[in-house]
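# Mind folding the following:
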Amino acid sequence: MWREIVELSRPKNVVLAAITVPLGAHLALGDAWTLQALGLVALQTTSAICFMAAGNTFNDIADVSIDSVSKPQKVIPSGRITIGNASKIAYAFTFLSACFMLAGAMFTQEPVPLIAIWSAAALLMYTYDAGPKTKNMGLIGNIAISLMVGAVIVFGAAAVSLASTELVLYAAVVAFFANLGREIIKDCEDMETDEGRNTLPMRVGLMNARATAYVFILLSMVSLGLAHYTGPLEYHYLVFHAPAIFILFSLNGPLFLGDDHKAQQNVRFGMLLGLLAFAVQVSIL
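Next up, the predicted model:
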């Protein structure tokens with residue numbers, strides 16, 4: 001059972017959350033880490049891990065009819081876990097996430113931003129697969145997921161009561177636009193099996209959707225540049241972002257060739273490199 005629970009949580013995405021929350025805190029704190037800050041960030045990192053595991057599980061429950069055709073090897077379609085048990089697991093993860101968040105909020109100087117970010121993310125998660133089901137609304141669903149990705153960075157800063165730090169907000173905007181491009185590319189990749197959804201590729205065609213995704217990728221790099229030229233970072237430190245910029249700029253190749261899987265994987269890798277480059281720059285300033 002534990003193996004199936006881990007598989008439902010999607011470890012690759014969970015690892016990204018485990019990195020992003022401490023990153024947000026580091027961008028806000030710089031070298032001013034304390035033992036208390038470490039404890040607070042550890043609590044909120046655990047909360048984010050549980051939150052993401054819950055969201056991924058709810059998503060698999062909602063997609064069971066699609067996955068039974070396109071990905072029958074997944075946990076729920078293969079029968080290794082029933083829908084009822086998967087729902088219990090998802091709610092348990094949600095409850096644990098809320099408990100860890102509230103435990104940390106009790107010891108922060110400014111708990112309101114922390115609680116507000118978690119609550120907003122929970123609403124976005126709920127409405128994505130239930131309620132109005134923004135997942136089926138194409139670009140609106142893509143924006144909802146990307147808002148949650150950007151919010152995780154701010155959530156990390158909020159853990160140490162520094163949610164409004166300028167560099168943190170720049171990093172969140174960069175992550176938002178990059179992930180928005182990736183979500184659209186993923187919809188291109190899954191277009192043939194996305195029954196019941198009204199995704200952007202279905203509405204405007206594959207090539208137009210890929211071009212739109214690339215525009216959002218470029219906007220993430222514009223935001224990155226602004227952080228150096230008008231924001232809190234020195235312009236010559238842009239060199240630390242060179243690997244990420246190269247990867248993201250080169251996406252036009254696989255996108256033009258229709259290799260959506262490679263493109264969306266490259267966006268994830270480029271986004272991770274870009275966020276780590278922010279951390280490196282904070283460490284040397």
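# where does the stretch 1-150 of the chain dip in pLDDT?
Residues of the stretch 1-150 of the chain that meet the criterion pLDDT under 70 lie in 1, 67, 69.
# try 80
Within the stretch 1-150 of the chain, the segments meeting pLDDT under 80 span 1-2, 4, 7-8, 12-13, 16-17, 63-73, 77, 130-131.
# okay, now the domains of this structure?
Residue ranges for the structural domains of the chain, counted by automatic domain parsing, are given in the record as 1-161, 165-285.
# okay if I get the ones you listed as TSV plus mean neighbour count?
From N, CA and C alone the C-beta is placed, and that goes for glycine too. Formatted as TSV, the domains of the chain follow (neighbours: other C-beta atoms under 10 Å):
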stretch	mean neighbour count
domain 1-161	19
domain 165-285	19
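# Tell me which helix or strand Leu96 sits in.
Taking DSSP states H and E as the criterion, Leu96 maps to helix 83-105.
# Can you show me the CA trace of that helix as PDB?
As requested, C-alpha coordinates have been extracted for helix 83-105 and formatted as PDB (Å, rounded to 0.1, in the frame of the first residue of the first chain):
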ATOM      1  CA  ILE A  83     -11.300   5.200  -5.700                       C
ATOM      2  CA  GLY A  84     -12.700   5.200  -2.200                       C
ATOM      3  CA  ASN A  85      -9.300   4.500  -0.600                       C
ATOM      4  CA  ALA A  86      -7.600   7.100  -2.900                       C
ATOM      5  CA  SER A  87     -10.100   9.700  -1.700                       C
ATOM      6  CA  LYS A  88      -9.300   8.800   2.000                       C
ATOM      7  CA  ILE A  89      -5.600   9.200   1.200                       C
ATOM      8  CA  ALA A  90      -6.100  12.600  -0.500                       C
ATOM      9  CA  TYR A  91      -8.200  13.900   2.400                       C
ATOM     10  CA  ALA A  92      -5.600  12.600   4.900                       C
ATOM     11  CA  PHE A  93      -2.800  14.400   3.100                       C
ATOM     12  CA  THR A  94      -4.900  17.600   3.100                       C
ATOM     13  CA  PHE A  95      -5.600  17.300   6.800                       C
ATOM     14  CA  LEU A  96      -1.900  16.800   7.500                       C
ATOM     15  CA  SER A  97      -0.900  19.700   5.300                       C
ATOM     16  CA  ALA A  98      -3.300  22.000   7.200                       C
ATOM     17  CA  CYS A  99      -2.000  20.700  10.600                       C
ATOM     18  CA  PHE A 100       1.600  21.400   9.700                       C
ATOM     19  CA  MET A 101       0.800  24.800   8.300                       C
ATOM     20  CA  LEU A 102      -1.200  25.800  11.400                       C
ATOM     21  CA  ALA A 103       1.500  24.500  13.700                       C
ATOM     22  CA  GLY A 104       4.100  26.700  12.000                       C
ATOM     23  CA  ALA A 105       1.700  29.700  11.900                       C
END
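# How far off centre is it?
Taking the mean C-alpha point of helix 83-105 and that of its whole chain, the gap between them comes to 18 Å (C-alpha atoms, centre = their mean, to the nearest Å).
# Identify all contacting residues around the very next helix or strand once past it.
In the C-terminal direction, the helix or strand that comes right after helix 83-105 (DSSP H and E) is helix 111-129. Around helix 111-129, the neighbours that count as contacts under C-beta atoms under 8 Å, 6 or more residues apart in numbering are 44, 47, 51, 54-55, 58-59, 61-62, 94, 97-98, 101-102, 104-105, 108, 133-135, 141, 144-145, 147-148, 151, 154-155, 158-159, 161, 163-164.
# Among the residues you listed, which lie within strands?
When strands are assigned by DSSP state E, not one member of the contacts of helix 111-129 lies inside them.
# Which of these fall in helices?
44, 47, 51, 54-55, 58-59, 61-62, 94, 97-98, 101-102, 104-105, 141, 144-145, 147-148, 151, 154-155, 158 (DSSP state H).
# ranges for the helices of the stretch 151-285 of the chain?
166-189, 200-204, 206-229, 242-249, 252-257, 260-284 (DSSP state H, counting those that start in this stretch).
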